[in-house]
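Asks: Need coordinates for the following:
(one chain, ligands or ions: 2)
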Amino acid sequence: MSVFDQFSIPPSSRSLERDIQHKIDTKTKPPGSLGVLEVLTAQLAKIQNSLTPSVDHAQMIVFAADHGIVDQGVSAFPQEVTPQMVGNFLAGGAAVSVFCKQHDVALKVVDVGVNADIPAHPLLASAKVAYGSKDFMLEAAMSSRQLEQALVVGVNQANAAIDSGVNLMMFGEMGIGNTCVASCMLSALTGMSGEETAGRGTGLSSEGVSHKAKVIQASLKRIEIALGKPMASWSAQDIGEQCGGFEIIAMAGAMLQSAQRGVAFVVDGFICTAAYAFAMKIQSNLSDYAIFAHQSNETAHQAILQHLNVRPVLTLDLRLGEGSGAILAYPIIKSATVFMTQMASFADAGVSDGQ
Ligand SMILES: O=C(O)c1ccc[n+]([C@@H]2O[C@H](COP(=O)([O-])O)[C@@H](O)[C@H]2O)c1
Ligand SMILES: Cc1cc2nc[nH]c2cc1C
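Replies: Residues are numbered from 1 along each chain as shown. Ligands and ions are numbered 1, 2, ... in the order given. Modelled structure (predicted):
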């Protein structure tokens, strides 16, 4: 049995649905007036099968890896930045580090495939599958064994966090070149062309974006020839092996396992959305457990979010990654649970409900 077959995610519970809606509607506010917070608290209450949902024990996991596709000139930054930024996460100097500290959320960094040896650190999990993926314009990004290994890294990370009592998983990523990987995976998953999925990433020029789109188109052509079947019939395994990235696959594994264990997770920006779309191809019940943090400025993110029929919490023109949007959405997600658990009802407060 492949690791892809190990997931059987239950839909989130419907048993309290009416009680949850009643509790939301009897708070001291006009019906629906807390907007998206009402949607979020209902989602969390169903996931936790509780009228008092909580996200007090949140954990941020940043998966990091490198990508052979950078040899095609698809990023504005050099590959060395991946381990350098991992060092910055661990030292507490990155955006995700300071925002996690601000909100008292634990940060863990997982090396799934960085192209350098990273010294041991209390916040680092070393789970390197390889020193980066292969250049997928020329050959498969990884072997089927590496694909399984990366997925299992994510599953194990989710299990460790949930075993320690975490009730909200937040995911981020770091990997120079990974917007190209995410775009190629999303093209393969949705049928959108490289022109539609390619964007500026860390800051490519317009010419750079056109070149990146051509690299994606050439890669899709190579894969079609290698697999001997049209894109519409590629499996998740095909897409992961041919054009995946280790941090993206590991994150997909962590999302699937969080859902399997009945725990909500927060999807950060463009690359994390590619991990989610990939995981959805494995198990579509996943959608009940996902909260989308923000709409990235990466060109295709809006179209992909629409394609997935999901609404992000924030639109702040972010395009940083590393889980920064997820941690910024955290206080709003938390407020959604706080209104549900702490706000007075019309009856409690002696306020007329207008009926
Ligand atoms: O999350 C996003 O929406 C996002 C958009 C653009 C860039 N990034 C980050 O930038 C890196 C990838 O950009 P690039 O240009 O090297 O492919 C990677 O480390 C991501 O975390 C992230
Ligand atoms: C500096 C820098 C920080 C990042 N954080 C996530 N991706 C990144 C890419 C770069 C280039």
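Asks: for the closest residue to residue 161 other than its chain neighbours, what are its contacts?
Replies: Setting aside the residues directly before and after it, residue 161 is nearest to residue 59 in space (C-beta to C-beta, 6 or more residues apart in numbering), at 4.6 Å. Every residue, glycine included, has its C-beta placed from N, CA and C. In this structure, residue 59 makes contact with 105, 106, 108, 161, 166, 168, 169, 170, judged by C-beta atoms under 8 Å, 6 or more residues apart in numbering.
Asks: Any of the residues you listed buried? List them.
Replies: Those of these that meet the buried threshold are 105, 108, 161, 166, 168, 169, 170, by 16 or more other C-beta atoms under 10 Å.
Asks: tell me which element the third one falls in.
Replies: When secondary structure is defined by DSSP states H and E, residue 161 falls within helix 144-163.
Asks: is ligand 2 contacted by stretch 204-219?
Replies: No - against ligand 2, stretch 204-219 shows no contacts by C-beta under 6 Å from any ligand atom, the least distance being 11.8 Å.
Asks: what does that stretch contact?
Replies: Residues outside stretch 204-219 that contact it (C-beta under 8 Å, 6+ apart): 69, 72-76, 136-137, 180, 183-184, 187, 193-195, 197-201, 243, 299.
Asks: Pull out the buried positions in it.
Replies: Neighbour-count burial for stretch 204-219, with 16+ other C-beta under 10 Å as criterion, is recorded at 204, 208, 209, 211, 212, 213, 214, 215, 216, 217, 219.
Asks: I'd like those laid out as JSON lines, including secondary structure.
Replies: As requested, the buried residues of stretch 204-219 are arranged in JSON lines below (DSSP: H, G, I helix; E, B strand; the rest coil):
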{"residue": "204", "secondary structure": "coil"}
{"residue": "208", "secondary structure": "helix"}
{"residue": "209", "secondary structure": "helix"}
{"residue": "211", "secondary structure": "helix"}
{"residue": "212", "secondary structure": "helix"}
{"residue": "213", "secondary structure": "helix"}
{"residue": "214", "secondary structure": "helix"}
{"residue": "215", "secondary structure": "helix"}
{"residue": "216", "secondary structure": "helix"}
{"residue": "217", "secondary structure": "helix"}
{"residue": "219", "secondary structure": "helix"}
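Asks: For those residues, give me TSV that also has pLDDT and distance to residue 287.
Replies: Below are the buried residues of stretch 204-219 laid out as TSV (pLDDT from 0 to 100; distance: C-beta to C-beta, whole Å):
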residue	pLDDT	distance to residue 287
204	98	31
208	98	34
209	98	30
211	98	34
212	98	29
213	98	29
214	98	33
215	99	30
216	98	26
217	98	29
219	99	28
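Asks: want to try CSV for these, with distance to residue 33 as columns?
Replies: Compiled in CSV, these are given as follows (distance: C-beta to C-beta, whole Å):
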residue, distance to residue 33
204, 42
208, 45
209, 41
211, 48
212, 44
213, 44
214, 49
215, 48
216, 44
217, 47
219, 48
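Asks: Closest to ligand 1 out of those residues?
Replies: Minimum separation from ligand 1 among the buried residues of stretch 204-219 (C-beta to the nearest ligand atom) is found for residue 204, which lies at 6.5 Å.
Asks: Look up how far residue 179 lies from the closest one.
Replies: When distance is defined by C-beta to C-beta, to the nearest Å, residue 204 is 9 Å away from residue 179.
Asks: Report the two of the contacts of residue 59 separated the most.
Replies: Among these, the pair separated by the greatest distance (C-beta to C-beta) is 108 and 168, at 14.0 Å.
Asks: Bridged to the residue nearest to residue 161, which residues?
Replies: Here residue 59 sits in beta bridges with residue 106, residue 169, as judged by DSSP bridges.
Asks: measure it to residue 169 for me?
Replies: Using C-beta to C-beta, we find residue 59 at a distance of 6 Å from residue 169.
Asks: and for the two, which residues touch both?
Replies: Taking C-beta under 8 Å, 6+ apart as the criterion, residue 59 and residue 169 both touch residue 161.
Asks: Tell me the one of the buried residues of stretch 204-219 nearest residue 93?
Replies: Of the buried residues of stretch 204-219, the one sitting nearest to residue 93 (C-beta to C-beta) turns out to be residue 204, at 25.2 Å.
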